[in-house]
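Participant: model this:
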Amino acid sequence: MYKWLASAFIIAIVATGCSTVARNETSPSPQNNGRVEAQQSDQRNKEIRSSEQVAKHLEQLAEGVDGVENARCVVFGNTAIVGIDVDANLERSRVGTLKYSVAEAFSKDPYGIDALVTADMDLTQRINEIGDDIRRGRPIAGFAEEMSDIIGRIVPQMPRDLMPNDPGDGRQEPRPNK
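Facilitator: Next comes the predicted model:
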C-alpha cells in the first residue's frame, strides 16, 4: 500500500513539473523577439555656468505665468528659491494654482532645476534681499543674515520666557534657554 501511495505521489510531482516546463517553452511574443531595446531620450539639462543668469531666466519664466506680477529668484547649485508676487485679493486655492504653474514651467525648462516656490510676501522680500547680497559679493553672509531673520519670525516668544531685568525699570529680557 505504501509503495502504491509513494508511486502516485512521485507521478503527481513529475506531472506537475512537466506541465510547468511545457508552459515556459512557449514561442516568444512578437513584441519581445530576444533583442534588448533602449529608449533614447535627450533629457540632458543645460549646464549652469552663472547662477545669476539662471536666476534672471527663471524670474522671466515665472513672470510669464498669467497671474504672477513679479518674481524674485536665488539659485544655489541645482536648486532655486523663487518668490512670486500675486494679487493680494486672490483666494488661497488660486495662489496654490499659480505656484504649481510656476513649478511646472520650471520642470519643462532646459536647465531642469529644482525649485521651491513661495507666494509669501515676507519670504519673497527676503529672497530679494538675498539676491541683492549675492550681487554685492556677500552670498554667504547675506544668506545667513536673511535665514536668521526668517527663523527669528518663526520661533515664538513665550511670555513665561521673559524675566524682569530690574524690578524698578519694568523692562523684561528673555530668560536663557535651559
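
Participant: pLDDT weak spots in the protein?
Facilitator: Confidence mapping of the chain against pLDDT under 70 gives the ranges 1-45, 48, 156-178.

Participant: show me where it has its strands.
Facilitator: 68-76, 79-86, 114-118, 162-164, 172-174 (DSSP state E).

Participant: now the second one: buried residues?
Facilitator: What that stands for is strand 79-86. By neighbour count with 16 or more other CB atoms under 10 Å, strand 79-86 contains the buried residues 80-86. All C-beta spots, glycine's among them, are computed from the backbone N, C-alpha and C.

Participant: nearest to Glu129 among the residues you listed?
Facilitator: Gly83 (10.4 Å; CB to CB).

Participant: how near is that closest one to Pro110?
Facilitator: Distance, Gly83 to Pro110, using CB to CB, to the nearest Å: 22 Å.

Participant: okay if I get the strands of the chain as a markdown table plus distance to Arg126?
Facilitator: Below are these laid out as a markdown table (distance: least, CB to CB, whole Å):
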| stretch | distance to Arg126 |
| --- | --- |
| strand 68-76 | 9 |
| strand 79-86 | 8 |
| strand 114-118 | 10 |
| strand 162-164 | 27 |
| strand 172-174 | 23 |
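
Participant: how about those, which one is nearest Asp133?
Facilitator: Set against Asp133 and scored by CB to CB, the strands of the chain come closest in strand 68-76, at 9.4 Å.

Participant: tell me which other helices or strands the closest one touches.
Facilitator: helix 51-63, strand 79-86, helix 92-107, helix 121-135 (3 or more CB pairs under 8 Å, 6 or more residues apart in numbering; DSSP states H and E).

Participant: just the ones you listed: most buried one?
Facilitator: Highest mean neighbour count of the helices and strands packed on strand 68-76: strand 79-86, a mean of 21 (counted as mean count of other CB atoms under 10 Å).

Participant: what's that one packed up against?
Facilitator: helix 51-63, strand 68-76, helix 92-107, strand 114-118, helix 121-135.

Participant: turn these into JSON lines, columns for distance to Gly152.
Facilitator: Formatted as JSON lines, the helices and strands packed on strand 79-86 follow (distance: least, CB to CB, whole Å):
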{"stretch": "helix 51-63", "distance to Gly152": "25"}
{"stretch": "strand 68-76", "distance to Gly152": "19"}
{"stretch": "helix 92-107", "distance to Gly152": "25"}
{"stretch": "strand 114-118", "distance to Gly152": "18"}
{"stretch": "helix 121-135", "distance to Gly152": "11"}
